[in-house]
Structures are given as structure tokens and as C-alpha cells.
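A.B. asks: predicted model and sequence follow; I will ask about them next.
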Amino acid sequence: MPALTLDDLVAGRRGGFAADTALCGIVLHPAGHTRSPAMHTAAFRALGLDAVYVAFDVPPERLADALSGARAAQVRQLAVSIPHKEAVIALLDEVDDTARTIGAVNTVTRQPDGRLVGANTDWLGLVAALERETALDGQRAVVLGAGGTARAALHGLRTRGATVTVLNRTRARAEQLAAAFGAASGALSDLGDLPYDVLVNTTSVGLRSDESPVPAETLREGAVVLDAVYDPPETRLLRDARARGCATVGGKWMLVGQAVEQVRLWSGRTPAAETLAEAFDAAGAR
């Protein structure tokens, strides 16, 4: 397969790929940890799509150049990951209402007329992951954290009819986010005093470490616990939750769900979530 670098993208070069091959990819920084190419490539093969998917390590100062190059190279779709989900908004021709509400874009799709349109599929991925275990309407949910993923979680949970409380180490940030989505708020230390049916961790605590954002004794038996962290596949939070009699959902399923929706957005076809999940697992084993 031909190679395609960030410099190629910035220059508008397709790196040897045929003009009729749909060029897709992801922009993030750093790029070494992403499993998106494996998942999307598996989806393309399963659907018989003539498409390729490339990871571009894009420092913040080169994001505008990368988007300009994507236009020139007629890139069909770009996934957008950390740290670009907010900054990319100003570089697009249009952003849909949901992404505006969330305040972040994780998907940029080229329209037939060449316009680049931003969307957010993170919230759909989170909802799909949780709905593997429970219906959300009428549920009492707690979201840990107050960043971009927390905003997507709040939108998804509220859209599906759950009541939500946002807990964050800095209470003021939780209050600000909660006010924007009609939710309650508090500090992380409040978790043990709250009744809840669903717990979603959107903090980075547990990423490549054996830490949990909350004490094990605050986890409620029978709750559904989702950790957006996917490395390691089973975090300390999930192990503690399982030991306390909770149903658990790994971050893999949120990542898979948002990628399924990304493929649908540009191709009009929906790959099986299990196909992407298998590719995710295989990429982690390498």
C-alpha cells in the first residue's frame, strides 16, 4: 500500500492512491496509540468499499494546513481526535446542530460540492455502548469529568431521557457544564451519597495505569458502569465495579460505536459493530 504522510496531506497529494479510491483518515496528536485505522479498514473490507484510512499526527499549529490539504486531496472523511475537536470547528464550512450543542467535532465529511461539514458521533458511540446493557430512558446517570467527552455523554444521556449529575474534581467546572445541559452537579467526593443506575467515567484516570477515579466502595451494586478509557481494556474502575456486582462496559464499545456512525455518514452503509470490535482487539494484541 502506498504511504501517505502529513506533509503529503498538507501539500494536497494523495500519496499514490487512485483518484477513485475514497481517502479517509484521522487527525490527532500524538498518533501512536490510535486503533482507528484497523477498525475502519476492517469495515471497508467487510462492506466492499474502495477506501483507505490513514492516521496523521497533526500538531495543533499545523491543523489549519492539514484541513486545507484535505480539501485539495479531496479527502472523503477525517476523524478528529484529541487535541483538535474544538479547534477544528473554525476551519469548517458547516457544523451540524448536535456538534454545536456539544461544542466539539469528531468527524469531518466532504460533501459532493466540496464543503467540509463537521459532526459529532461520540455521543452516539457512548449511547450505543450503554444500550448494550440497559435502556436509558428514566435512568439516573452520573458522569465523571467535565471535558469534551463529558459533553458528548451529557448530550447522549439527556437525549435518551436520563437524568444526569456531573461530578468533577473542580466543582466549578462541573457546575458550568451541568448548567449547559440541564443537569445537576457536584464534586467527585459526592459519588458515595448519590443514587444512580448508570455511571460514566470520561476522565483520563486509569489510562495506561492501575488507578480509578473513585473509591470502590462508592460503586453501587446493579449499576451499569462505562469507562471511556480503553487502554487497558479492563481498567481498575471496571474491575472494581464488577467485584461490586455492577454490569461493565469497556471504552472499546464507545470507540466502536462512534466509528460505525462515521462510516455510515460518508458511505451510506453501516458496518457491523462486531467487525470493528474484532479489529480493535487484534490491533491491541500486536
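C.D. replies: That came in fine, so what should we check first?
A.B. asks: what does G250 show for phi and psi?
C.D. replies: Backbone torsions of G250, given as degrees, to the nearest 10, read phi -80, psi 160.
A.B. asks: from A228, how far out is it?
C.D. replies: 9 Å (C-beta to C-beta, to the nearest Å). All C-beta spots, glycine's among them, are computed from the backbone N, C-alpha and C.
A.B. asks: neighbour count: those two, which is higher?
C.D. replies: Per other C-beta atoms under 10 Å, whichever of G250 and A228 has more neighbours is A228, with 28 against 21.
A.B. asks: I'd say that one and G251 touch.
C.D. replies: Yes. A228 is in contact with G251 according to C-beta atoms under 8 Å; the separation is 4.8 Å.
A.B. asks: contacts only, for V263.
C.D. replies: 40, 43-44, 47, 269-271 (C-beta atoms under 8 Å, 6 or more residues apart in numbering).
A.B. asks: what is the subsequent helix or strand relative to the stretch of helix or strand T98 belongs to?
C.D. replies: Using DSSP states H and E, T98 sits within helix 97-102. Going down the chain from helix 97-102, the next helix or strand is strand 107-110, by DSSP H and E.
A.B. asks: just checking, what packs against the following helix or strand past that following strand?
C.D. replies: Per DSSP H and E, the first helix or strand lying C-terminal to strand 107-110 is strand 116-119. Helices and strands touching strand 116-119, by 3 or more C-beta pairs under 8 Å, 6 or more residues apart in numbering; DSSP states H and E, are helix 63-72, strand 94-95, helix 97-102, strand 107-110.
A.B. asks: can we see that at 10 Å?
C.D. replies: Applying 3 or more C-beta pairs under 10 Å, 6 or more residues apart in numbering; DSSP states H and E, we find strand 116-119 packed against helix 63-72, strand 77-80, strand 94-95, helix 97-102, strand 107-110, helix 251-267.
A.B. asks: and these, which is most packed in?
C.D. replies: Greatest average neighbour count among the helices and strands packed on strand 116-119 goes to strand 77-80 (a mean of 26), per mean count of other C-beta atoms under 10 Å.
A.B. asks: tell me what it is packed against?
C.D. replies: Strand 77-80 sits against strand 22-28, helix 36-47, strand 51-57, helix 63-72, strand 107-110, strand 116-119, helix 251-267, with contacts defined as 3+ C-beta pairs under 10 Å, 6+ apart.
A.B. asks: tell me how far that strand lies from the chain's centre.
C.D. replies: 12 Å (C-alpha atoms, centre = their mean, to the nearest Å).
A.B. asks: do stretch 28-47 as well
C.D. replies: Remark: stretch 28-47 is offset 13 Å from the chain centroid, using C-alpha atoms, centre = their mean.
A.B. asks: tell me which residue lies nearest the centroid of the protein.
C.D. replies: Centroid check for the chain by C-alpha atoms, centre = their mean gives D122 as the closest residue, at 4.1 Å.
A.B. asks: please name the nearest non-neighbouring residue to it.
C.D. replies: A152 (3.9 Å; C-beta to C-beta, 6 or more residues apart in numbering).
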